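**Q** Predicted coordinates and the sequence they were generated for:
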Amino acid sequence: MNRYDVVLVGAGIMSATLATLLQELDPTLRLLLVERLEGAAMESSAAGNNAGTGHAANCELNYTPVQADGSIATAKALAINASFELSLELWASLVEQGRLDPGDFLHQVPHLSAVWGDDDIAFLRQRHRQLSALPAFAAMEWSEDPGELATWMPLVMAGRQGREPVAATRIGRGTDVDFGTLTRAYLATLQSSGAVEVLYGTTVSKLRRCRDGEMAEGDWRLELRGPSGRRQVEAPFVFLGAGGGALPLLQSSGIPEAADYAGFPVSGQWLVCNDPQLAQHHHAKVYGKAKVGAPPMSVPHLDTRWIDGQRSLLFGPYAGFSSKFLKQGSLLDLPSSVRVGNVLPMLQVGLSNFDLVTYLIHQLRQSPADRLEALQAFLPTARADDWTLSVAGQRVQIIKRTKQGGRLQLGTEVVAASDGSLAALLGASPGASTAVTIMLEVLERCFPLKLASEAWQLRLRQLLPSYGQDLSADTELLGRTRERVDAVLGLSASG
């Protein structure tokens, strides 16, 4: 029997981030990471399976919904922006230690929101007015001038002569992040130092508590199946960071908290342009307005992307449906996740989110011509021959049982056992960008005594100088933080 201090399931950005934080806080911890595929970051964290946007709420309009009085809700945007700043802080600290090279995974790309039509322009103007008054978004620019917009997003403006008016906002300090490369960099450093053992091609076939009379009562026992056969491992703490695969493992754990959750998978597709001339002609991430009923990850956007070092353009995503919880999962994933306790919440969510159901049906019925039409709303001069369809990652939207009935949870959520011995991460965007904040929540809920210790607090503040402080409320701290991060990572305010 092999015993570890921590077992992490899933070799994606979440597990890699948590392993990095734990090793930095206590290098004596013995960590095991288990991945069912043959390498790291091959599912949701893979560069081609996500938007690659460093989500900082600069351009994502769904993070700033309209309130009943006509104003824009800004709390979520501020929280996401502060969360991404923490991610940047950790990367900067690791770069200073020589453990990361920002050129491998991080590129600066301006973040734009672009809309057309009087109602959407009025919404964007109100959003700009409110956000630009906040220190975190003070650098946000506004324009309705066609000439200026043509310099911000030339491909989007080409061929729009005589069409309806366009407006956009721009923040130059935006980023494109290759989370797959970042994940592999994290793990390479951890493995080279001997801080973590990684088992690829290995699945967790059973997860249960050690019973009375067994060694290390109360620990978790995992039965693993891999290339070298079967083995059992034990640990006092288990993290389920397996993307869509986390829900089935959480359910198998038997913890009471798992009974409140179900999941609904949504797949995605991109139109990809690898024409170097077009790719070089567009340097921005341009986010538009989502259609009614569209899930957050389906907000249409035209992105400059670097995938495995190659610059390209992506447009989408187009939503689809598969009963798989992972891109390389099983068609039985959804039906096998149904339990007596989550059937009713799933039905309630379906009935109360008819717009979402209608949207998904429409997306499934799309033809190549329909997808090209959606692209041409962004790029009027787009030609079908320049773009190919690529299947993106699989996401599982959270369905949660509450006293008010089933509720569709947007974003990500940490589900933890009451004793802190197990935690799972469910949900989707803005996940990867806010991984550091999410993993700090795991530490707060599952390692509260250690986290409160003087040693851990000191080390955290060395890694994350703004830890425990409110960047959105402290203009001076925000300025110092960004100045240091930008200098280390090679970012600039202007873009």
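**A** Yes, it's here.
**Q** okay, now residue 421: neighbour count?
**A** Residues near residue 421, counting by other CB atoms under 10 Å, number 18. All C-beta spots, glycine's among them, are computed from the backbone N, C-alpha and C.
**Q** any idea how far the nearest residue to it once chain neighbours are set aside is from residue 463?
**A** Once flanking residues are discounted, residue 421 sits nearest to residue 237: 5.8 Å by CB to CB, 6 or more residues apart in numbering. The gap separating residue 237 from residue 463 is 20 Å, by CB to CB, to the nearest Å.
**Q** Check residue 484 too.
**A** Residue 484 is 13 Å from residue 463, by CB to CB.
**Q** Return the mean pLDDT over the biggest helix by length in the chain, rounded to an integer.
**A** Looking across the chain with DSSP state H, the single longest helix is helix 75-96. What helix 75-96 shows for mean pLDDT is 97.
**Q** I'd like the next helix or strand past that helix.
**A** Next helix or strand after helix 75-96 toward the C-terminus (DSSP states H and E): helix 102-105.
**Q** Direction included, what does whichever helix or strand comes after that following helix pair against?
**A** Following helix 102-105 in sequence order, the next helix or strand is strand 106-108 (DSSP H and E). Here strand 106-108 is paired, per DSSP bridges, with strand 175-177 (antiparallel).
**Q** coming back round to it: could you give the number of residues near the residue nearest to residue 421?
**A** For residue 237, using other CB under 10 Å, the count is 21.
**Q** for residue 98, same thing?
**A** 8.
**Q** Centroid-nearest residue for the chain?
**A** Central residue of the chain (CA atoms, centre = their mean): residue 431, 2.6 Å from the mean position.
**Q** Contacts only, for that one.
**A** Applying CB atoms under 8 Å, 6 or more residues apart in numbering, we find residue 431 in contact with 13, 14, 44, 411, 412, 425, 438.
**Q** So which of these sit within strands?
**A** 412, 425 (DSSP state E).
**Q** ok, the contacts of residue 431 vs residue 174, which is closest?
**A** If you rank these by distance to residue 174 using CB to CB, residue 13 comes first, at 18.9 Å.
**Q** number of nearby residues for that closest one?
**A** Using other CB under 10 Å, residue 13 has 29 neighbouring residues.
**Q** That one touches residue 435, doesn't it?
**A** Yes. Counting by CB atoms under 8 Å, residue 435 is a contact partner of residue 13 at 5.3 Å.
**Q** Need the pLDDT of residue 274.
**A** So residue 274 comes in at 77 (pLDDT).
**Q** Next, count neighbours for it.
**A** Neighbours of residue 274 using other CB under 10 Å come to 14.
**Q** check contacts around it.
**A** 310, 312, 388.
**Q** List the ones among those that fall in strands.
**A** Counted as lying in strands by DSSP E, out of those, are 310, 312, 388.
**Q** Buried only: go through those residues for me.
**A** Using 16 or more other CB atoms under 10 Å as the burial test, the ones in strands among the contacts of residue 274 include residue 312 as buried.
**Q** The nearest residue to residue 273 once chain neighbours are set aside pairs with what?
**A** Closest residue to residue 273 apart from its sequence neighbours, by CB to CB, 6+ apart: residue 313 at 4.2 Å. With DSSP bridges applied, residue 313 shows beta-bridge pairing to residue 273, residue 304.
**Q** Am I right that residue 313 is in contact with residue 277?
**A** No. Using CB under 8 Å, residue 313 makes no contact with residue 277, being 10.8 Å away.
**Q** More neighbours: which of these two?
**A** residue 313 (24 against 8).
**Q** average pLDDT for stretch 196-212?
**A** When pLDDT is averaged along stretch 196-212, the result is 91.
**Q** Kindly report the same for stretch 360-372.
**A** On average, stretch 360-372 scores 84.
**Q** Equivalent analysis for stretch 22-37, please.
**A** Averaging pLDDT along stretch 22-37 gives 96.
**Q** So what touches that stretch?
**A** Against stretch 22-37 from outside (CB under 8 Å, 6+ apart): 2-11, 15, 19, 43, 187, 190, 193, 195-204, 222, 224, 233, 235, 242, 245, 328, 443, 450, 455-456, 459-460, 463.
**Q** Which of those residues fall within helices?
**A** Using DSSP H, the subset of the contacts of stretch 22-37 located in helices is 15, 19, 187, 190, 443, 450, 455, 456, 459, 460, 463.
**Q** Would you map the helices across the stretch 301-450 of the chain?
**A** Secondary structure of the stretch 301-450 of the chain (DSSP state H, counting those that start in this stretch): helices located at 333-337, 343-352, 354-364, 368-378, 435-446, 448-452.
**Q** Include distance to residue 38 and mean neighbour count when you put those helices into a markdown table, please.
**A** Putting the helices of the stretch 301-450 of the chain into a markdown table (distance: least, CB to CB, whole Å; neighbours: other CB atoms under 10 Å) gives the following:
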| stretch | distance to residue 38 | mean neighbour count |
| --- | --- | --- |
| helix 333-337 | 20 | 18 |
| helix 343-352 | 33 | 16 |
| helix 354-364 | 31 | 15 |
| helix 368-378 | 32 | 15 |
| helix 435-446 | 23 | 22 |
| helix 448-452 | 34 | 12 |
